[in-house]
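S.K.: coordinates for the following, if possible.
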Amino acid sequence: MPENTTMYKHIGVFLVFLLSVSVLSAQSTVTLTDGKFVYRLTVEKLPGQHTRKALSVTNKRQTPQIGFTVGTVKSITIFPVDDSLHKQVIVPGKNESSWPWTEDNKAEKFIIEDMNFDGNNDIRLLNSADNYTYYYWIYQPGSGQFVEDTVLTRLVAPQFYQNQKLVYANWEEANGRETKTYNYTDGKLTLIEEDEIKADSVKKITTIIIKKLVNGKMEVVSTAEVK
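M.R.: Predicted coordinates:
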């Protein structure tokens, strides 16, 4: 009986060891820095594969799927490069991105840049494996903390132009494209221009509509048709 008890203990220890190895292999730590702060992300591999619709479909009855392994960021730990004791820990919402995170692709998923043009770096995290949408945290100099910004989350594939202090967001679909231009007015993200291109494949006409902010309202300032 004592021998059986000892055997069970060994088996239990072995199983715990295997579980620990499995958890460790499914997690990794990704570190980035901008010279002022260190950003340490705990990334975890998700079980199974993520599938999404292919960009081009030749058979309408059977929509092909692209499958790939995904991971999720469980937490973001931030601290000054010269003071690792003063930490801020952010637990982001649901997020998915291709696995694994590497030195080559990590800066595409977790981006450090000045997004409100106040001279301080902010951060954003890719939250969707299908669409280029992000979670945003804006640095607050007064508190020294990064605070979530829910207004920027509405933008798709945004581009921040530091010299112009403008933000561009593009949306494309089969029959057209839309580009929205924003600036910061009194610290608030403001839509100032909207360019829309619509293609009519039947009439073989492309319509270009330009709207601009006029007296606080978006108004059509130009419409053109190109054959």
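S.K.: got a list of what the closest residue to residue 152 other than its chain neighbours touches?
M.R.: Nearest residue to residue 152, sequence neighbours excluded (C-beta to C-beta, 6 or more residues apart in numbering): residue 136, at 4.2 Å. To be clear about C-beta, it is placed using only N, CA and C from the backbone, and glycine gets the same treatment. Each residue near residue 136 by C-beta atoms under 8 Å, 6 or more residues apart in numbering is listed here: 115, 122-124, 148-150, 152-153.
S.K.: those residues: which two are farthest apart?
M.R.: The largest separation in those, counting by C-beta to C-beta, is between 123 and 150 at 14.6 Å.
S.K.: tell me, what residue is most central in this structure?
M.R.: residue 126 (1.6 Å; C-alpha atoms, centre = their mean).
S.K.: that's a helix at residue 179, yeah?
M.R.: No. Read with DSSP: H, G, I helix; E, B strand; the rest coil, residue 179 is strand and lies in no helix.
S.K.: quick one: pLDDT of it?
M.R.: Looking at residue 179, its pLDDT stands at 94.
S.K.: mind saving the C-alpha coords of stretch 133-150 as PDB?
M.R.: C-alpha atoms of stretch 133-150 as PDB (Å, rounded to 0.1, in the frame of the first residue of the first chain):
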ATOM      1  CA  THR A 133      -9.200  48.100 -35.000                       C
ATOM      2  CA  TYR A 134      -7.400  48.800 -31.800                       C
ATOM      3  CA  TYR A 135      -7.700  49.600 -28.100                       C
ATOM      4  CA  TYR A 136      -6.100  53.000 -27.200                       C
ATOM      5  CA  TRP A 137      -4.500  54.400 -24.100                       C
ATOM      6  CA  ILE A 138      -3.500  58.100 -24.000                       C
ATOM      7  CA  TYR A 139      -0.700  59.200 -21.800                       C
ATOM      8  CA  GLN A 140      -1.700  61.800 -19.200                       C
ATOM      9  CA  PRO A 141       1.300  63.900 -18.100                       C
ATOM     10  CA  GLY A 142      -0.400  65.100 -14.900                       C
ATOM     11  CA  SER A 143      -0.900  61.600 -13.500                       C
ATOM     12  CA  GLY A 144       1.800  59.800 -15.400                       C
ATOM     13  CA  GLN A 145      -0.800  57.200 -16.300                       C
ATOM     14  CA  PHE A 146      -2.100  55.800 -19.600                       C
ATOM     15  CA  VAL A 147      -5.900  56.200 -19.800                       C
ATOM     16  CA  GLU A 148      -8.100  54.300 -22.200                       C
ATOM     17  CA  ASP A 149      -9.600  56.400 -25.100                       C
ATOM     18  CA  THR A 150     -12.900  54.900 -26.400                       C
END
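S.K.: re earlier: so which of residue 123 and residue 150 has more stuff around it?
M.R.: Taking other C-beta atoms under 10 Å, residue 123 and residue 150 do not tie; residue 123 has more neighbours (23 against 8).
S.K.: what sits against that one?
M.R.: Here residue 123 is in contact with 39, 76, 110-112, 136-137, 139, 146 (criterion: C-beta under 8 Å, 6+ apart).
S.K.: per-residue confidence averaged over the helix or strand harbouring residue 147?
M.R.: According to DSSP states H and E, residue 147 maps onto strand 145-148. What strand 145-148 shows for mean pLDDT is 98.
S.K.: could you point out the helix or strand that follows that strand?
M.R.: Remark: after strand 145-148, the chain's next helix or strand is strand 158-161, criterion DSSP H and E.
S.K.: can you give the distance of that following strand from its chain's centre?
M.R.: 13 Å (C-alpha atoms, centre = their mean, to the nearest Å).
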